Structure formats: C-alpha cells, structure tokens
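Student: got a sequence here, can you model it:
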Amino acid sequence: MSKKTTPIAKTEMADNFPNIDQLLHNVGEAVYAWDMVSNEMTWRSGALEILGHDDLSALSTGKAFDICLDPRFAGHRSRLAEDAKRTGAAVTWEYRITLGDGTEAWVEDRMVWCPDPQNPSSGIINGLIRRITERRDREIRLAYLASNDELTGHLNRTRLRERLAHSLAYSLRHETPAGYLVAGIDNLNLINEAYGFDVADEVIVMIAQRLQSVMREEDDIGRVAGNKFGLIIDNCNEESMFQAAERFIGVVHDEVFVTQAGPVSATISVGGVLLPGNAKTTHDTMCFAEEALDLAKHKGRNCFVPYRPSFEVIVARKRNIAIAEQIVRALNENRIHLAYQPIVHSGSKIPALYECLVRMVRRDETLIPAAEFIPVAEKLGLVRLLDRRVSEMAIETLSNDPQAHLSLNVSGATATDTSWLRNFLDLIRANQGVAERLTVEITETIAIRDMEDSVRFVTTLRDLGCSVAIDDFGAGYTSFENLKHLPIDMVKIDGNYVRNVDTNPDNQFFVRTLLTLAKNFNIETVAEMVERPEEIAFLDALEVDYYQGYFYGKPDLKTPAEQRKMLQIKSTKLSTG
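Tutor: As a prediction, the model looks like this:
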C-alpha cells in the first residue's frame, strides 16, 4: 500500500520565500512605478538603501528624481519613457545620479510601459534600478588602458602607433616634414638593482613628465617599451629634430630625480627618424628609430643619433635572412655535420682529443665555413639550435667510439640557456661513460660576464664528470684573476699570442706568465693555431701540454676513429720503410 503525501499548505509554501522587499534588497535593486500623467513616482521600501535616501518622499515625482540626475542626462528619462510607451518594449539605459548622501553613482534603469487594461491609452511606467558603479568603473578603466600606459598615463604603443600613422599620412599628403624619436632610459637595470623596481618605476614616471614638459602641445608621447618612450614631433625638419632631441636629453640629465629612496641620476639616449623621407610606413618608422637608438647607446649613451639609410646595411640584412633560412633548412634536413680537429699531446705528438667544429653542408654537398653562418646564428638567436645539435652529435660519437675524447664549444647565448643545460644533462645521464671523455669549452668573455653564474655552470658540468676549458684565453678582457675563481681544467691560449711566439717578445711574455699561473693552479694548457715548427720548439721549452693547429691537422669530417685508423696506416708505412 502506497504511502500518501500531505500537500503543503499555501501559507507554508509562501514562508519558504523572502518577501519582495527583502529580495530586492538582497540583489541590490530598486523598483518604482511612474505615472507620467500625474508625474508621481512610487517606490518600494527597498529603494531607500539603493538610492541613499532616508525619505523616499523626496523622490515622489519624476521632476524631483530628475534633479538627482547628472545634468548631461536631463530630459532623457521622459523621452525614453515615451519610446517605451510607443513601442511596448523595455528600454534600458545608464546614467549617473547624486545619492541622498551627496555621493555619485552609476545606475542602470530598465523601464517598461504597463497599459491600463480598461484604457490602453493610459497606464504607468514600471522601472527597475540597480547600481552599477563598480562595473562602470571597471569598463572605464579597461577603456583607459586600451589607449594609455598604466604607469605613466601616456599613450600606449598601440595608440601611439595609430597617432604616428595619422602624422605620417599627413606628412605624405601635404609634403610637410615630421619626426619620430625613441628615447631609451640608459642603464635602467642598474637602477632596478641598486634601488628596487618601485624606485625605477618612479624614475620612469618622472622622466615621462619631464619629456612632456618640453614638448609642444600638438606633439605626442607614448610608452613603447619598459624603458622607452616614443615621441611624435609634427612640422619638424632635420634641424628642429636635433634641437628637440637635445632638449629631451638635457631635461633628463640636468637635474637628479628625487625619489622615495633619495636622489637618483638618470640619462637617456635618443634615436630619431625624419619623415616622410626616411620611412613610408609606421612599421619602418618605429624600426628605424630603434636602430638609431641602438647606435646612440653603442656610441656612449646620453646622446642623439638620427637614422641614416645605408645600402650596405640593407644588403647585410638580406644576406642574414638568407643565411638564417639556410641554417633552419640544414637543421631540418640533417645537413649539419661535425668536423674534428686533433689536439695533440706535446710530448708524444699523438692526438689526445678532438675538438668538434660545426659545419653546414649545402644541398650540392659543398661546405659552408663556420665563419659565414655562426655570427649570423648568434645575432638571430639560432645558435642555441646549432649548439643543441652539436652536443647531440658529439655525445653520439662518444657513445659509438669508446676510445674517442672530444671537446665542444658552447656559445654565450647557450651558456645561459637553462633549457639547453637541462637537455645536455639528460643526454649525459642517458649515455653512461661519455662525460669523462668530454670537455666543454666556453670563451673567456662568457666566463667573466657573470662570474657567479659561470662558476655555477662550470661546477654543474664538472659534477657530471665533464672537463671544462676556457677557449681563446687572452682574446677578451683578460684577467689572470679569473683562473683562481673558476674551477676549470684547461686553458686554450688564443692563437694571436701563439703566432710568431718564437720571435715576438710581447707574445712570449704573455705566454710565459699564463703558463706559470696555469701550472700553479694545476690547469692544463693548449696552444691554439700552431703552424710552424719554430713556434712548437719554443713552446716545448715552456712545457705547454697540448697543441692544436694546421701543423697537426685541419678540421676534418672524418670521425676520430677514421682519423686514428689513417694515422695507424701512415705509421705502419713509415715503420716498414
């Protein structure tokens, strides 16, 4: 027998819902009825808090409520109410009002016409008001940020570029000159390190203010990067562009900036492009100005450099693009190879290890020398890909040839690339027994750029079992102090000091000094670029440990195993006469 359920009484069901006034209060809405004939407005009690009034009788008529509206919206309510009456559709609009406590707020008002069933030509407007100040402020903020830089308040890069497009179009159409300049804050990273990012932000804001203070009203300024400002100067010839740039530079460096951390000194470098003669698009304009700014920084900073078109630069860029495409294709088509150059022991003159030198092979199987593509790869950021491929091939060679000992170079960009190091560590761990037969070479310039990072990098490699060498020692900012701080195993003496060492007193002094220190620190030495017997005889007397150069062998695509086999054949022939 099924159990009967007792229906819920109507009064019990009603008790499960809050009253209408409480519900409106909870959702933050106010409801009114507006008789347009008598102009009377009736409000439910929940409207008190929404509109900030103690007594709703102050808003008992449409005229009284209109007084609370922002003057810009005066008269709109009546017109919109008429539209609601005429169309029968709900009308929604937003406006600002003054609340009962004197503060202002944005509200959304939704009105609908409710005709009298007995007389359709008459009726009332029913409306619902909700406060939307937070949403409106958020929309205004987003709209502001769409055009303005959050920190300085000036135009952002996108809006400045649009303004530049208008200026460039006007210059082209009316043949009137204009200028676009980029001002970069010099050494902002040093301010970050010395004072903190909050102080650096203060300096950025104050520099922006100073730049604007010496600009004409019709000109524009925008922040185009973290430490860079774009400046559009209309009706500006070459002479006035120079004058404007000097004005900008002077207003920054003439007085220190008083920050929360105390006085801070700063300077700017400026690059500029004269329009429309030197650029026809906004992209070219901004790129050319950046190029000029780079030249100003290389020139010594705190100066101005105008952009000058250069046929040689254009040709060089096209060549770089072509080489970059060749590098990528060669990587994808496995046309990157290793050439192995022997490094021989000074006593036995037998190869102790081989340096891996990267070579690129054209589709017609001719070789492209490293000097033609490595500098481009470093400039365009492709050298990391090459270094990764080289390390993979070197470890594969070591795995396949248990007798091989190799060294490989790591570029400056790669030495600071944590992803390369992780990949390298994984390769070493996956190929047991190769680390002890591998030497990683870094240049002296890389090693001293950041000594703390270099020590960490070298220590990581040596903990794996690899040896570490400093390549081209003497070619960079040589400091023998570096030998004491870096836990390295080998120093390769730059070939410029080895060449003619038997006759050049300066080279002799450098090599003797280095060898003495290297022996003191228990570091092995390699003389690079040895080409003459006289050089070898002199270096033998100084007890150099290893030699590398054309005298003992050029880089060869033959593997170390193949080269050893050739040496054995040659040795056998010599011994048998």
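
Student: can you give me the helices for the stretch 351-500 of the chain?
Tutor: For the stretch 351-500 of the chain, applying DSSP state H, counting those that start in this stretch gives helices covering 370-379, 383-400, 412-415, 418-430, 444-449, 451-464, 481-485, 495-498.

Student: and for the first one, what's in contact with it?
Tutor: Under the contact criterion Cβ atoms under 8 Å, 6 or more residues apart in numbering, helix 370-379 has outside partners 319-320, 323-324, 326-327, 357-360, 382-383, 385-386, 411-413. C-beta: built from backbone N, CA, C; applies to glycine.

Student: which of those count as buried?
Tutor: Buried subset of the contacts of helix 370-379 (neighbour count, 16 or more other Cβ atoms under 10 Å): 320, 323-324, 326-327, 357-360, 382-383, 385-386, 411, 413.

Student: tell me which two of those residues sit farthest apart.
Tutor: Distances among the buried ones among the contacts of helix 370-379 were taken as Cβ to Cβ; the most separated pair is Asn320 and Leu357, at 21.6 Å.

Student: tell me the spacing between the nearest residue to Asp417 once chain neighbours are set aside and Ala413.
Tutor: Closest residue in space to Asp417, ignoring its immediate chain neighbours: Arg384 at 5.6 Å, by Cβ to Cβ, 6 or more residues apart in numbering. From Arg384 over to Ala413 the distance is 6 Å, taken as Cβ to Cβ, to the nearest Å.

Student: in contact with Ala183, which residues?
Tutor: Counting by Cβ under 8 Å, 6+ apart, Ala183 has contacts Leu211, Lys228, Phe229, Leu231, Phe248, Ile268, Ser269, Val270, Leu293.

Student: where's it, which helix or strand?
Tutor: strand 178-185 (DSSP states H and E).

Student: which neighbours in the sheet does that strand have, and how are they oriented?
Tutor: The strands beside strand 178-185 in its sheet (DSSP bridges) come out as strand 228-233 (antiparallel), strand 268-275 (antiparallel).

Student: so for the shortest one, what's the average pLDDT?
Tutor: Meaning strand 228-233. Strand 228-233 carries an average pLDDT of 96.

Student: which other residues reach it?
Tutor: Counting by Cβ under 8 Å, 6+ apart, the neighbours of strand 228-233 from elsewhere in the structure are 154, 157, 160, 163-164, 167, 178-185, 207-208, 211, 215-216, 219-224, 240-241, 244, 248, 286, 289, 293.

Student: can I get the buried part of the residues you listed as one PyMOL selection?
Tutor: To isolate the buried members of those in PyMOL, using 16+ other Cβ under 10 Å:
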select buried, resi 154+160+163+164+167+178+179+180+181+182+183+184+185+207+208+211+215+219+220+221+222+223+224+241+244+248+286+289+293
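
Student: in helices, which of the contacts of strand 228-233 appear?
Tutor: Residues of those located in helices (DSSP state H): 157, 160, 163-164, 167, 207-208, 211, 240-241, 244, 248, 286, 289, 293.

Student: from these, which is closest to Met111?
Tutor: Met111 lies nearest to Arg163 out of the ones in helices among the contacts of strand 228-233, by Cβ to Cβ, at 40.8 Å.

Student: which residue, other than its chain neighbours, is closest to the closest one?
Tutor: Closest residue in space to Arg163, ignoring its immediate chain neighbours: Asp220 at 5.1 Å, by Cβ to Cβ, 6+ apart.

Student: wait, what's in contact with that neighbour?
Tutor: Here Asp220 is in contact with Leu155, Leu160, Arg163, Ser167, Leu231, Ile232 (Cβ under 8 Å, 6+ apart).

Student: closest one of the residues you listed to Val440?
Tutor: Val440 lies nearest to Leu160 out of the contacts of Asp220, by Cβ to Cβ, at 45.7 Å.

Student: from Leu190, how far out is the closest residue to the closest one other than its chain neighbours?
Tutor: Using Cβ to Cβ, 6+ apart and skipping the chain neighbours, the partner closest in space to Leu160 is Gly222 (3.1 Å). Here the criterion is Cβ to Cβ. By it, Gly222 lies 25 Å from Leu190.

Student: cool, Asp364 as well?
Tutor: 51 Å.

Student: again, but for Leu231
Tutor: Per Cβ to Cβ, Leu231 is found 24 Å from Leu190.

Student: more neighbours, these two?
Tutor: Leu231 (25 against 11; other Cβ atoms under 10 Å).

Student: just want the angle from the longest helix anywhere in the chain to helix 370-379.
Tutor: As assigned by DSSP H, the longest helix anywhere in the chain is helix 311-332. Counting by axes from the mean of the first three to the mean of the last three Cα atoms, to 10 degrees, helix 311-332 lies at 90 degrees to helix 370-379.

Student: tell me what angle helix 311-332 forms with helix 383-400.
Tutor: 30 degrees.

Student: list just the nearest of the contacts of Asp220 to Val526.
Tutor: Nearest member of these to Val526, counting by Cβ to Cβ, is Leu231, at 52.7 Å.

Student: quickly note the distance from the closest one to Ala339.
Tutor: Using Cβ to Cβ, Leu231 is found at 51 Å from Ala339.

Student: likewise Glu202?
Tutor: Taken as Cβ to Cβ, the span from Glu202 to Ala339 is 54 Å.

Student: compare those two (neighbour count), which wins?
Tutor: A direct count of neighbours by other Cβ under 10 Å for Glu202 and Ala339 places Glu202 higher, at 20 against 17.

Student: isn't the more buried one right next to Thr259, touching?
Tutor: Yes. Between Glu202 and Thr259 there is a contact at 4.6 Å, judged by Cβ atoms under 8 Å.

Student: stretch 96-111 spans what distance, first to last residue?
Tutor: Terminal residues of stretch 96-111 lie 16 Å apart, using Cα to Cα, to the nearest Å.

Student: and the least confident of the buried ones among the contacts of helix 370-379?
Tutor: Scoring the buried ones among the contacts of helix 370-379 by pLDDT puts Ala413 last, at 74.

Student: what sits against that one?
Tutor: Applying Cβ under 8 Å, 6+ apart to Ala413 gives the contacts Glu378, Gly381, Val383, Arg384.

Student: find the nearest non-adjacent residue to the second one, please.
Tutor: What it means is Gly381. Closest residue in space to Gly381, ignoring its immediate chain neighbours: Ala413 at 7.0 Å, by Cβ to Cβ, 6+ apart.

Student: what about the helices in the stretch 51-200 of the chain?
Tutor: Ranges of helices in the stretch 51-200 of the chain, per DSSP H, counting those that start in this stretch, are 62-68, 76-87, 133-145, 157-174, 188-195, 197-213.

Student: list of residues touching the first one?
Tutor: What that stands for is helix 62-68. Residues contacting helix 62-68 (Cβ under 8 Å, 6+ apart): 34, 36, 39-41, 51, 58-59, 74-75, 77-78, 97-99.

Student: what do you get if the cut-off is 6 Å, keeping everything else the same?
Tutor: Trp34, Asn39, Met41, Leu59, Ile97, Thr98 (Cβ atoms under 6 Å, 6 or more residues apart in numbering).

Student: give me the buried positions along that helix.
Tutor: Neighbour-count burial for helix 62-68 flags Gly62, Phe65, Asp66, Cys68 (criterion: 16+ other Cβ under 10 Å).
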